[in-house]
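> Got a predicted model here, sequence first, then my questions.
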Amino acid sequence: MPLAGLGVPERVTSIFRPYSTPAESIHQISLLTLAICGAIFLIVAVLLFYIIIRFRTRTNDEQSEPPQIYGSNQIELAWTVFPILIVFVLILVTTRTISDVQNAIPHPESLKVTVVGHQWWWEIRYPDLGIVTANELHLPVSRRTVLKLQSADVAHSYWLPQLGGKTDLIPNRDNYMWFDPKETGVYLGNCAEYCGTQHAHMLIRAIVHPQGEFEKWVAGQQQPAVEDAQVAAGRNVFFSTSCVNCHAIRGTAAEGKFGPDLTHLMSRETLASGALKNTPETLQAWLSDPQKLKEGCLMPDMQLSQQDLAKLAAFLSTLK
Ligand code: CUA
């Protein structure tokens, strides 16, 4: 079974290794902030050590008290003016970077993707390409991608540290972020705004393909689901239970909108928004008891018999 990200390296998540223009600008602010904080820490630590050693009590002057000093205009002026200057510099640099990144969003050549945050998964739509998928964002290398961020329920936050900033998904509001991945690879991220029980299992995978490979992925995703007579029994289970109320399989009568689109389920590397590896075994375990694997998630236990579970898993496994 061909996995989506195969052939591109998985990047170790780090804010110090940016791979796009906006991530690079954010990285530079992080370095500046870190340098200022590091310098302050060093000054305080050195002074503290000096004072501890220089003014420690010695056995022969236990009785004597050091001179007591109250107030110093110079010192008080210094510790008021310097922090204000530092904060001012940080505000200037930050607002300039924010406006540079935001002003670059409108771009006619960009690939447009809509990401909708749900409790607790990501719906991913490519409106110009007619593709709907979930959780795993596929992108071409070097080309500019603009994400339109929306929420179906509560506030979430899309955070792919190596590609873009952290941008909130707010109900009834469109937010935008963009990036131009400079290298192929699998980039990991998280939902970064607490959104309920399974906030921690709202993981993000961005798969950046070489240009030709991305076109292949698009062509594959644009196909309707392939019907397979061998799995007719599992198909009947799917269409006779409430699976069909929440999930869509393009090319069939299943048009549910509440759960992830399953048309090409097996082309995804993970299940349950990155909580599980996507294999036929974990898929069956997931169908058998979603609440055990992702407590509180909105997918119910369908109370199927072992036979029906196996048939259903066999059917879903054909959705490549
Ligand atoms: Cu979605 Cu936290």
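Everything's here; your move.
> For the chain, which segments are assigned as strands?
Taking DSSP state E to define them, one finds strands in the chain at 111-118, 121-126, 131-134, 136-140, 145-151, 156-159, 166-169, 175-179, 185-191, 203-209, 270-271, 276-277.
> out of those strands, which comes closest to P83?
Set against P83 and scored by C-beta to C-beta, the strands of the chain come closest in strand 166-169, at 25.7 Å. Yep, even glycine has a C-beta here, placed from its N, CA and C like the rest.
> Show me the contact partners of the closest one.
115-117, 147, 149-151, 155-159, 175-177, 192-193 (C-beta atoms under 8 Å, 6 or more residues apart in numbering).
> Mark which of these are buried, thanks.
Among those, those classed as buried by 16 or more other C-beta atoms under 10 Å are 115-117, 147, 149-151, 156-159, 175, 177, 192-193.
> Near the ligand, which residues of the stretch 51-200 of the chain are found?
Applying C-beta under 6 Å from any ligand atom, one finds that the stretch 51-200 of the chain approaches the ligand through 117, 120, 156, 191, 193-195, 199.
> nearest residue to Q221 other than its sequence neighbours?
Leaving aside its sequence neighbours, Q221 sits nearest to I131 (C-beta to C-beta, 6 or more residues apart in numbering; 4.5 Å).
> Kindly report the same for V132.
Nearest non-adjacent residue to V132 (C-beta to C-beta, 6+ apart): D261, at 4.3 Å.
> Okay, buried residues for the top helix by length along the chain please.
Looking across the chain with DSSP state H, the single longest helix is helix 21-54. Within helix 21-54, the residues that count as buried by 16+ other C-beta under 10 Å are 21-23, 25-27.
> hmm, back to that, tell me the least confident of the residues of the stretch 51-200 of the chain next to the ligand?
Lowest-confidence member of these: W120, scoring 91 (pLDDT).
> do you know how far that residue is from L293?
For W120, the distance to L293 (C-beta to C-beta, to the nearest Å) stands at 12 Å.
> So which of the two has more stuff around it?
W120 (24 against 17; other C-beta atoms under 10 Å).
> what residues are up against the nearest residue to the more buried one once chain neighbours are set aside?
Nearest residue to W120, sequence neighbours excluded (C-beta to C-beta, 6+ apart): Q198, at 3.9 Å. Residues in contact with Q198, defined by C-beta under 8 Å, 6+ apart, are 119-120, 275, 294-297.
> Just the buried ones among those, please.
119-120, 275, 294, 297.
> Can you say which two of those residues are spatially most distant?
Q119 and A275 (13.3 Å).
> Now for Q222: which residues touch it?
Counting by C-beta under 8 Å, 6+ apart, the residues that Q222 touches are 129-131.
> Just the pLDDT for it.
pLDDT, Q222: 89.
> I'd like the numbering to begin with 579 instead of 1 from here.
Yep, numbering from 579; the last one is Q800 now.
> any idea how far it lies from H779?
Using C-beta to C-beta, Q800 is found at 29 Å from H779.
> The ligand: which of the buried ones among the contacts of Q776 is nearest?
W698 (5.8 Å; C-beta to the nearest ligand atom).
> Contacts only, for the closest one.
Applying C-beta under 8 Å, 6+ apart, the residues contacting W698 are 769, 773-777, 779-780, 851, 872, 875.
> One more pass at 7 Å, please.
773-774, 776-777, 779-780, 851, 875 (C-beta atoms under 7 Å, 6 or more residues apart in numbering).
> Can you pull out the low-pLDDT segments for the stretch 729-878 of the chain?
When residues are selected by pLDDT under 70, those of the stretch 729-878 of the chain lie in 805-808.
> mind running it again at 80?
Within the stretch 729-878 of the chain, the stretches with pLDDT under 80 are 802-812, 814, 829, 831.
> From I664, how far off is the residue lying closest to T675 once chain neighbours are set aside?
Distance criterion C-beta to C-beta, 6+ apart; nearest residue to T675, sequence neighbours excluded, is S603 at 4.9 Å. Per C-beta to C-beta, S603 is found 20 Å from I664.
> Repeat that for A682.
On the measure of C-beta to C-beta, A682 and I664 end up 28 Å apart.
> per-domain residue ranges of the protein.
Following the assignment in automatic domain parsing, the chain carries domains at 579-626+652-799, 807-894.
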